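Peer 1: Generate a structure from the sequence data that follows.
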Amino acid sequence: QVQLVESGGGLVQAGGSLRLSCAASGRTFSLYAVGWFRQAPGKEREFVAASGWGGSSTHYVDSVKGRFTISRDNAKNTVFLQMNSLKPEDTAVYYCAADQFTTAQGMSVRSSHEYWGQGTQVIVSS
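Peer 2: I've put the predicted structure just below:
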């Protein structure tokens, strides 16, 4: 069983930065891929970025490439999403999810995930 807790959301002006954290319970965190997803009001949840199990791969949706960076600290069971040059269209609730033995790209195409966090709100004002 893995429990995920997101933090770091907030209100920021366009062009600003935020760093989201996804803290996981469990002793085998390195065996899990962790992905970030977001859901804006009235829209479907979409994939944002992922770190493959073992941290060997990363994958991003095109709209955040060059602006967002995903990283992980397996010793602290935490995955980070550094978000720079934020835009109003990045406004959403951001969720992290985890799947065992999955690649980063695999996280972007799977229709379901084993574990989800509760989400953290990001609001980017223009």
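Peer 1: buried ones in stretch 86-106?
Peer 2: 86, 90-99, 102-104, 106 (16 or more other Cβ atoms under 10 Å). Any C-beta I mention is one placed from the backbone N, CA and C, and that applies to glycine too.
Peer 1: Same question for stretch 31-50.
Peer 2: Buried, per 16+ other Cβ under 10 Å, within stretch 31-50: Leu31, Tyr32, Ala33, Val34, Gly35, Trp36, Phe37, Arg38, Phe47, Val48, Ala49, Ala50.
Peer 1: what residues are up against the nearest residue to Ser25 once chain neighbours are set aside?
Peer 2: In space, Ser25 comes closest to Gln3 once its chain neighbours are excluded; the distance is 4.3 Å by Cβ to Cβ, 6 or more residues apart in numbering. Taking Cβ atoms under 8 Å, 6 or more residues apart in numbering, we find Gln3 in contact with Ala24, Ser25, Gly26, Tyr115.
Peer 1: Check the buried residues of stretch 31-50 and tell me the two furthest apart.
Peer 2: Leu31 and Arg38 (24.8 Å; Cβ to Cβ).
Peer 1: Going through the contacts of Gln3, which ones are buried?
Peer 2: Ala24, Tyr115.
Peer 1: Surely Gly8 is in contact with Ser17?
Peer 2: No - taking Cβ atoms under 8 Å as the definition, Gly8 is not a contact partner of Ser17, at 10.7 Å.
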